[in-house]
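K.L.:
Pasting a predicted model and its sequence here:
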Amino acid sequence: QAPLVESGGGLVQAGDSLRLSCTTSARTFSNYNMGWLRQRPGEAREFVAAISWDGRNKFYADSMKGRFTISRENAKNTVYLQMDNLRPDDTAIYYCAKHGIHSMGYYSPDEYDYWGQGTQVTVSS
C-alpha cells in the first residue's frame, strides 16, 4: 500500500498557525474518508478531524472546533489540516490516517486502518 506522507510540522509560538499536508501516490485516495489524529507526550492517540471522500462532510474534536480546518484536494491526492491560534497543549505528533472502509464512526483512532509516520508540532508559550 502506498505510504501516507505528512509534512508541515515544526516549532511555533502560541497563537501562530501551521498547515499540515498529507499526500500519497495511492490512486484510490479519492475513494477514502481521511482523518488527522495526534498523540501528545505521554498520552494515547486522539482524534483531531476527519473529512469524507468528497470533502462535503467534516468532523472535529470539540477542542479543535473553530481553530482547525480540514480540507482535501483529490486531484493532488492530498489532505490538509490548517491549525490556527495554536496553544502549547497542541504540541503533539500529528498523523494522517485512512478511515477504515467498514468503520462506522470517526472519533476513535480504532476507526482508522492505515497511518502515516507523523509530523511533530511543537508550540511554545
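P.N.:
Received it, and whenever you're ready, just let me know what you need.
K.L.:
So the residue nearest to E111 when sequence neighbours are not counted versus T122, what's the distance?
P.N.:
Nearest-residue entry for E111: S103, 3.9 Å, with adjacent residues in sequence omitted and distances by C-beta to C-beta, 6 or more residues apart in numbering. Just so you know, the C-beta spots here come from the backbone N, C-alpha and C atoms, and that holds for glycine as well. Noted for S103: a distance of 30 Å to T122, by C-beta to C-beta, to the nearest Å.
K.L.:
can you check W115 too?
P.N.:
W115 is 20 Å from T122, by C-beta to C-beta.
K.L.:
sec struct for the residue nearest to E111, please.
P.N.:
In the three-state summary, S103 is assigned as coil, counting by DSSP: H, G, I helix; E, B strand; the rest coil.
K.L.:
Could I get the phi/psi values of it?
P.N.:
Main-chain torsions, S103, degrees, to the nearest 10: phi -70, psi 150.
K.L.:
Pull the contacting residues for the residue nearest to the spatial centre of the chain.
P.N.:
The C-alpha lying nearest the average C-alpha coordinate of the chain belongs to W36 (C-alpha atoms, centre = their mean; 1.9 Å). For W36, the contact set (C-beta atoms under 8 Å, 6 or more residues apart in numbering) comprises 20, 22, 48-50, 68, 70, 79, 81, 94-97.
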